[in-house]
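K.L.:
take a look and give me a structure for this.
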Amino acid sequence: MLCVDTGMTLAGPAVRRKKVQEQDRPALLLAWYDRHRRRLPWRALPGERSDPYRVWLSEIMLQQTGVKWVAPYFEKFVARWPSVDAMGQASLDDVLRMWAGLGYYSRARNLHACAVAVLRDHGGIFPDTEEGLRKLPGIGPYTAAAIAAIAFNRRTMPVDGNIERVVSRLFAVEEAPPQAKPRIQQLAATLLGPARAGDSAQALMDLGSTICTPKKPACSLCPINDDCAARARGDQETFPRKAPKKAGTLRRGAAFVVTRNDELLVRTRESKGLLGGMTEVPNSEWLAKHEDADALAQAPALKGIARWHRKAGVVTHVFTHFPLELVVYTARVPARTRAPEGMRWVPIATLKDEALPNVMRKVIAHGLGE
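P.N.:
Numbering: from 1, shown residues only. Have a look, this model is predicted:
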C-alpha cells in the first residue's frame with residue numbers, strides 16, 4: 001500500500017470526500033429528473049416557463065391530497081377558469097360547487113379569496129417573491145416557497161411530505177416532526193443547485209413519489225443512493241421518525257333527510273368553521289356525548305311529518321381531528337310544504353351541482369337508499 005504524506009490528519013480525506021458528495025447531489029438529482037420527470041397537467045414541459053396560476057392552483061389542491069385524486073379536479077378548474085382573473089371574477093358558491101368532493105374545504109374558500117386578492121390588488125399578476133406570496137390568503141410558508149421556486153425560479157426549497165421523507169433518510173434525521181422540521185428545511189436547502197431551483201424542488205418531489213416511497217423504497221434506482229445514511233444502516237423504512245399519533249374523540253350526531261316529491265331539503269353551512277359555506281342536509285350538533293332525544297329536538301320543524309323513520313346503521317366519516325358517526329332520520333312531506341327559514345328545496349336530480357362535502361353525500365345516499 002502506497003502512503004503519501006500530505007500533511008493531513010486521517011479525518012481530512014474523509015471530510016473532503018463528503019464535501020465533494022454534497023456538491024454532486026444537486027447535479028445528480030437534476031440529471032435523474034431530466035430523464036424521469038413525471039408528466040403532470042400543471043407542470044411545464046422541458047424548456048417552457050411555468051405558469052404561476054397553474055402552479056398555485058395545483059399546490060393548493062395538493063395540500064393533503066394525492067396527485068391521482070387532484071388531477072381531474074385540476075383539469076375541471078382550468079377548463080372553467082383558465083386564469084386567475086377568471087377565478088377572481090367567479091362567485092364563491094361556484095368555486096365551492098366545483099371543489100365538492102376534494103375535501104378540506106377551507107382550501108376552496110382561501111383559493112377564491114386569493115384569486116380575488118391577486119385580481120384586485122395585483123392586477124391579476126402573482127407576486128414573484130416568497131414574502132409577497134405569503135401576504136395572499138391561503139398561502140403559507142411551504143406554498144409560498146413552492147410557487148416562488150417552481151413558477152419564478154427563486155432559490156428556495158419547499159419541503160412537502162415527499163421531500164421530508166427523502167431528506168430524513170438521506171441524512172438519517174433522528175428527530176420526529178414537527179421538531180425535525182427546521183433541521184430538515186436546512187438540509188433540504190443543501191440540495192439546491194446554483195440554478196434551476198424549481199426543477200431541484202420538483203426532482204425531490206418526484207424522487208419521493210416514485211422511488212423513495214414510504215414502504216419498500218426502490219433504493220437501487222435512486223441517483224443518490226450511495227450517499228444515503230439510512231440505506232447504509234438498512235433502516236430506511238423507519239424514516240421519517242414518527243411522533244405518537246393522538247386519536248381524536250369520536251363525535252356523534254343525527255342527520256335529517258327530508259324529501260318533497262323529487263326534492264331534498266338542504267341548507268348552507270356558516271361561511272366560517274368546518275365545511276364552511278358547503279351544502280348539507282339539516283343535522284344536529286356533533287358531540288362526544290350524544291343522545292338521540294337531544295338530536296331529535298334539533299330536527300327541522302316541518303308540517304306534515306307524522307313521525308321520523310330512523311334508518312338502520314350509521315354513516316361514518318373521519319375528519320382530520322376526529323371521527324364522526326351519524327344516525328340518519330328520514331321523512332316525506334306533502335308537495336306544497338314550505339322549507340323552514342334558512343333552508344331550501346333542491347331537485348334530487350341536480351344534487352351533483354351542489355357543494356356537498358363527502359360526509360353529506362354519504363348521508364344522502366344512506367337516507368335515500370332502500
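
K.L.:
what sits against the residue positioned nearest the centre of the chain?
P.N.:
In the chain, the C-alpha nearest the mean C-alpha coordinate belongs to Gln63, at 2.1 Å (CA atoms, centre = their mean). The neighbours of Gln63, taking CB atoms under 8 Å, 6 or more residues apart in numbering as the test, are 104, 107, 143. To be clear about C-beta, it is placed using only N, CA and C from the backbone, and glycine gets the same treatment.

K.L.:
number of nearby residues for the closest residue to Thr190 other than its chain neighbours?
P.N.:
Using CB to CB, 6 or more residues apart in numbering and skipping the chain neighbours, the partner closest in space to Thr190 is Glu22 (6.2 Å). Around Glu22 there are 12 other residues, counting by other CB atoms under 10 Å.

K.L.:
in what helix or strand does Glu22 lie?
P.N.:
Taking DSSP states H and E as the definition, Glu22 sits inside helix 11-36.

K.L.:
please state the offset of the following helix or strand past that helix from the chain centre?
P.N.:
On the C-terminal side of helix 11-36, the closest following helix or strand by DSSP H and E is helix 52-62. Centre-to-centre, helix 52-62 and its host chain are 11 Å apart (CA atoms, centre = their mean, to the nearest Å).

K.L.:
what residues does the next helix or strand after helix 52-62 touch?
P.N.:
Following helix 52-62 in sequence order, the next helix or strand is helix 67-80 (DSSP H and E). Helix 67-80 is contacted from outside by 40-42, 54, 57-58, 61-62, 86-87, 90, 98-99, 101-102, 209, using CB under 8 Å, 6+ apart.

K.L.:
ok and helix 67-80 relative to helix 52-62, angle-wise?
P.N.:
Here the directions of helix 67-80 and helix 52-62 differ by 140 degrees (axes from the mean of the first three to the mean of the last three CA atoms, to 10 degrees).

K.L.:
can you list the buried residues in helix 67-80?
P.N.:
The neighbour-count check on helix 67-80 (16 or more other CB atoms under 10 Å) flags 67, 70-71, 73-74, 77-78 as buried.

K.L.:
export the contacts of Gln63 to a markdown table and append columns for secondary structure and pLDDT.
P.N.:
Output for those, formatted as a markdown table (DSSP: H, G, I helix; E, B strand; the rest coil; pLDDT from 0 to 100):
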| residue | secondary structure | pLDDT |
| --- | --- | --- |
| Tyr104 | coil | 88 |
| Arg107 | helix | 95 |
| Thr143 | helix | 98 |
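
K.L.:
the bottom helix or strand of the chain by mean pLDDT?
P.N.:
In the chain, the helix or strand scored least confidently by mean pLDDT, DSSP states H and E is helix 11-36, which has a mean of 72.

K.L.:
please enumerate the strands of the stretch 201-350 of the chain.
P.N.:
251-260, 263-268, 279-280, 309-310, 315-318, 323-332, 343-347 (DSSP state E, counting those that start in this stretch).

K.L.:
reformat those as CSV; add distance to Asp235.
P.N.:
Shown next, in CSV, are those (distance: least, CB to CB, whole Å):
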stretch, distance to Asp235
strand 251-260, 38
strand 263-268, 50
strand 279-280, 46
strand 309-310, 51
strand 315-318, 30
strand 323-332, 32
strand 343-347, 54
